[in-house]
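Peer 1: this one's structure only:
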């Protein structure tokens, strides 16, 4: 087991290097010389050369890349061009609010999706199933932007059921989060239901379930005692893979509802051409994805004896 | 199945909790609005209106604007009295108030703020002029103070901040900027700039303690340490900004001079009383107008601008506040801004720069009044020249022959210039900021130009991109606006002064020898009929040359609940909360009453 | 032999009425888009046709916007942009994905290692942030939006094609082709590719849907199409007037147009899957 985890860890190293390389190329090579931006409007050519040299931007690219890697290893993302804050501090500040929105939304979406998928799978081909499938396709076809604007206008503004926007840390923030969480669910649940439904159906079709049913178990009993247990593996895999969405999936939601999280931060950075911040959020999201992948694989290996650890 | 049930419980819980949060006891708190994230608290870097509004709570300058006086004027703030100006108009002797201390902060020995001295002002100005501070405000002193340009030059060769502060340079003398003793500053100008007193009141010239700059280094901009009425208590970007009363602030008093009108409005009831009246300021940061507007209507904010799409909800066609708003205790304030919205042509463009009649035709084809209706709800007046009403040199009878809407005249000019119906012209790019409003205005401009056959392609970008393209002259036509830094027409006329071309503020890169020489003369003249005549001539020159289309001067309107008293709009100071007073009891009863 | 295997699913697809309807809707959009492209439909979308904010009615079918422009004409022009983004992005993503997938699945070893590493890496970077960063760096406009979306969304296709090629490679027809001495490129493109085409088609329609959705978000964020009424731009405009003035028509029109197109694609994609790849569907 430990060998497996170690090997898996080793495997993430080239991926991490690949990500850092892509991000480096994007922001440091294609993104242009930041010196013009840093020196402001009245900079002379000498000044530009001097700062370019001080920042090491005149060295060969591979040397710059190595230095860049070194900074990343020290978790030093530099400072924002716009607010001059340390980006590591900005990330730490934004994480809490992002999680406040994303965690409940994620948990509720997943529970709802699995439950609906079960209902749907149990009644395959009948009216409830068809209705749910149609519903989830409809849900998948709406743009999140339209969903946000429509829901904010109708539910918060016209019918006054929710606060328009705002945020508080802790319990006082709950009322503010209710609507964004509902929108998140509405946007996400369609795709999830369809995935879980096909997972469950595949499991229901397997020999052992057919056997169990032949032995007289009801569909519900078979579902609970066999299908769900075995389907847990692909379900958990998908759940884990969705974890990174917690940080970036809420880009627009955070912006519209004034939640000062990472998504909002990214949009502000975008509007200010604040490349270092966008870069840091991109890296952060990527690393989370890889971690989630790793955890998923390990869980998979722990829970499914069929997975060979080689 | 247990899981499914829990889903229902949670969802129901979320719905139940979704009522509006209860109002906590507000006490003596003012709740204001910031419509954007403010950048930082470093006076050398302040650039936008909202950042300077927040800095005003914390930092002070030698001079400050009078709150009630119109036309705008300044009075001593950290100075003890008005500057003694020599007969030549070049030497300023300023005595500073004694006993004013910086707020307590960890950067001082023992955490106790010390007394402010003349040397602190000298240091602050030198820091502003140090190349390495990367200030955006050097232009206010550029070439104006004896020896300061040499100081700036010397700072270029120093190692970058914050590794080395380099005391030798800072402790050295600058001839035109000296402390005669602990409380006397002597400034010697290169020319007798009449508006220098206003420059002393600009946020760039705020007094900062050297200890804080050195202690916080790169983080100084997040740790303001000043002498002003408030202290920064909490700052969550994207959410809110909280100030609390500075217990060591004792040197500010409510103005006691005012007109009979001020007195009738109750603006003199607090004359001579110690400032500030309000203990705590909470700014909500709203990047979208709608949440701000709704929170204001629900009484969660004390003061709010009126978003253009909500105008009809607040103001009647005869320009007074609507009855249901008035019943809630909302009052309307109207204020002529000292500003100009304009459309700028780049003279380096082979077509736009060379063809005066083309520019004149485009100016005639622009339907400014329609734009004022569409985008400003009629809150603005068509501009005729660079100078906004309220400034010396503004003449309400002056008519610019091309600042009117006349499509036929425009077509005739196009034909005379050899571009009948736009034939022979390329498509021009109109650059603006990527926001819905700016884009719609640009599209309106394109529509107007289409009428005379000029094709316009609208391009949008972020603010930093916009600035950098201006500086590099990579523009054809842009939409722009200028707000007064100080109430002198020079501040507007310099925008077209030849040597100020990009990367300076003359983004049209316009050059006219007569205009430039008139500018140099008027810049150092006291207000007089002679100065007025020169300004008039300058207006005529730019009207004929048409480097800009003069769009409008904006009229600002805002709504305030009546529990805020001592409120007066000010075109240079935005929301100087230190003068406001809150009637907490009235607020409580109005908010809890049947209307709230 | 391959023809015989694949004809039945196609017939099944054609018999599916829902899929047929969806296809019809997509074709309708395509026609409208083409008409708009050649200025045969909605040529006056830049001009004022009436007073600002006129509600829908007989004079203006879908009302007018802030500058008095016809919302109907703008929606039609938006269709052109959405389709352009969808087709061009898919046209960029699919060849990349298919080529990488074919090579990785067929040659395995080093090539496979590299491709798998490459797509895992790209896949690890949050999609929307990568697209945003690319659009920022490439500059604004239709072309860079298409490129940004195109070169970030090939991963799914690559993964699926690779998996299928690994399976197909062991099948008799490939072995037979090899036995008679066919060269690798010939086997890959003439024998294997036609047999994975159905998966490519499914992936293409998925990418199309994602591209249209992404364009709307990019346009809303101001890094999208410039100076044209894309649906994202319209929704951005409509957002303010909706709450401020209750002017709902522009929002409804852009949202509705997008919804119908995406729905048609989703339904069609489902039917495609049902017919061509029964294993991955229910």
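Peer 2: Okay, I see it. The structure displayed is predicted, hence computed values, not measured ones.
Peer 1: for the closest residue to chain B within the stretch 151-300 of chain A, phi and psi?
Peer 2: Nearest residue of the stretch 151-300 of chain A to chain B (Cβ to the nearest Cβ) works out as residue A:260 at 3.5 Å. Yep, even glycine has a C-beta here, placed from its N, CA and C like the rest. Dihedral pair for residue A:260: phi -80, psi 60, per degrees, to the nearest 10.
Peer 1: Read off the pLDDT value for it.
Peer 2: As predicted, residue A:260 sits at a pLDDT of 88.
Peer 1: Now do the contacts for the residue nearest to it when sequence neighbours are not counted.
Peer 2: Using Cβ to Cβ, 6 or more residues apart in numbering or on different chains and skipping residues adjacent in sequence, the residue nearest residue A:260 is residue B:238, 3.5 Å away. Going by Cβ atoms under 8 Å, 6 or more residues apart in numbering or on different chains, residue B:238 touches A:258, A:260, A:264-265, A:268, B:37, B:285, B:287.
Peer 1: what does residue C:85 give?
Peer 2: C:142, C:145-146, C:149, C:211-212, C:215, C:225.
Peer 1: give me that answer again for 10 Å
Peer 2: Taking Cβ atoms under 10 Å, 6 or more residues apart in numbering or on different chains, we find residue C:85 in contact with C:142, C:145-146, C:149-150, C:208, C:211-212, C:214-216, C:218-219, C:224-225, C:230, C:232.
Peer 1: any idea which helix is longest in chain A?
Peer 2: Longest helix in chain A, counting residues (DSSP state H): helix A:87-122.
Peer 1: what about that helix, average pLDDT?
Peer 2: 89.
Peer 1: List, one by one, the residues from the stretch 51-200 of chain C near chain B.
Peer 2: With the criterion set to Cβ under 10 Å from any Cβ of the partner chain, the stretch 51-200 of chain C comes near chain B through C:52-53, C:65-69, C:136, C:139-141.
Peer 1: Check these for burial and list the buried ones.
Peer 2: Buried positions within these, assessed by neighbour count (16 or more other Cβ atoms under 10 Å in any protein chain shown), are C:52-53, C:65-69, C:136, C:140-141.
Peer 1: Secondary structure element for the nearest residue to residue B:223 once chain neighbours are set aside, which one?
Peer 2: Setting aside the residues directly before and after it, residue B:223 is nearest to residue B:216 in space (Cβ to Cβ, 6+ apart), at 4.6 Å. Per DSSP states H and E: residue B:216 is located in helix B:210-216.
Peer 1: Buried ones in the very next helix or strand once past that helix, by neighbour count?
Peer 2: Using DSSP H and E, the helix or strand that follows helix B:210-216 towards the C-terminus is strand B:230-236. Neighbour-count burial for strand B:230-236 flags B:230-232, B:235 (criterion: 16+ other Cβ under 10 Å).
Peer 1: Strand B:230-236 - what's its average pLDDT?
Peer 2: Confidence over strand B:230-236 (mean pLDDT, whole number) is 92.
Peer 1: Now the next helix or strand along the chain from that strand: average pLDDT?
Peer 2: Counting by DSSP H and E, the next helix or strand C-terminal to strand B:230-236 is strand B:240-245. Regarding strand B:240-245, the rounded mean pLDDT is 94.
Peer 1: can you check stretch C:141-152 too?
Peer 2: Rounded mean pLDDT across stretch C:141-152 is 88.
Peer 1: quick one, phi psi at residue C:248?
Peer 2: When read as degrees, to the nearest 10, the backbone of residue C:248 gives phi -90, psi -10.
Peer 1: Can you give me the neighbour number for it?
Peer 2: Other residues near residue C:248 come to 18 when the count uses other Cβ atoms under 10 Å in any protein chain shown.
Peer 1: Setting aside sequence-adjacent positions, which residue approaches it most closely?
Peer 2: Nearest to residue C:248 is residue C:242, by Cβ to Cβ, 6+ apart, at 5.7 Å.
Peer 1: list the contacts for that neighbour?
Peer 2: By Cβ under 10 Å, 6+ apart, the contact set of residue C:242 is A:149-150, A:152-154, A:157, B:290, B:309, C:235, C:248-252.
Peer 1: Narrow those to those that are buried.
Peer 2: A:149-150, A:152-153, A:157, B:290, B:309, C:235, C:248-252.
Peer 1: Please name the residues that touch residue B:486.
Peer 2: B:65, B:72, B:74, B:140, B:195-202, B:338, B:391, B:572.
Peer 1: Work out for me the element it sits within.
Peer 2: Per DSSP H and E, there is no helix or strand for residue B:486.
Peer 1: and it, how far is that from chain A?
Peer 2: As judged by Cβ to the nearest Cβ, to the nearest Å, residue B:486 and chain A stand 20 Å apart.
Peer 1: Quick check: that residue vs residue B:568, distance?
Peer 2: Residue B:486 is 19 Å from residue B:568, where distance means Cβ to Cβ, to the nearest Å.
Peer 1: So what's the residue count around the closest residue to chain A within chain C?
Peer 2: Among all residues of chain C, residue C:121 sits closest to chain A, at 3.4 Å; criterion: Cβ to the nearest Cβ. The number of residues packed near residue C:121 is 21, by other Cβ under 10 Å.
Peer 1: any idea which element it lies in?
Peer 2: helix C:109-124.
Peer 1: picking up where we left off before, narrow the contacts of residue C:85 to those that are buried.
Peer 2: Taking 16+ other Cβ under 10 Å as the criterion, what is buried in the contacts of residue C:85 is C:142, C:145-146, C:149-150, C:208, C:211-212, C:214-216, C:218-219, C:224-225, C:230, C:232.
Peer 1: could you list every residue that touches the closest residue to chain C within the stretch 51-200 of chain B?
Peer 2: Using Cβ to the nearest Cβ, residue B:51 is the residue of the stretch 51-200 of chain B that sits closest to chain C, at 22.4 Å. Shown in contact with residue B:51 (Cβ under 10 Å, 6+ apart): B:34, B:36-43, B:45, B:203, B:221.
Peer 1: My read is that residue C:146 contacts residue C:152, right?
Peer 2: No. Using Cβ atoms under 10 Å, residue C:146 is not in contact with residue C:152, being 11.1 Å away.
Peer 1: which neighbours do these two share?
Peer 2: Taking Cβ under 10 Å, 6+ apart as the criterion, residue C:146 and residue C:152 both touch C:89, C:92-93, C:211.
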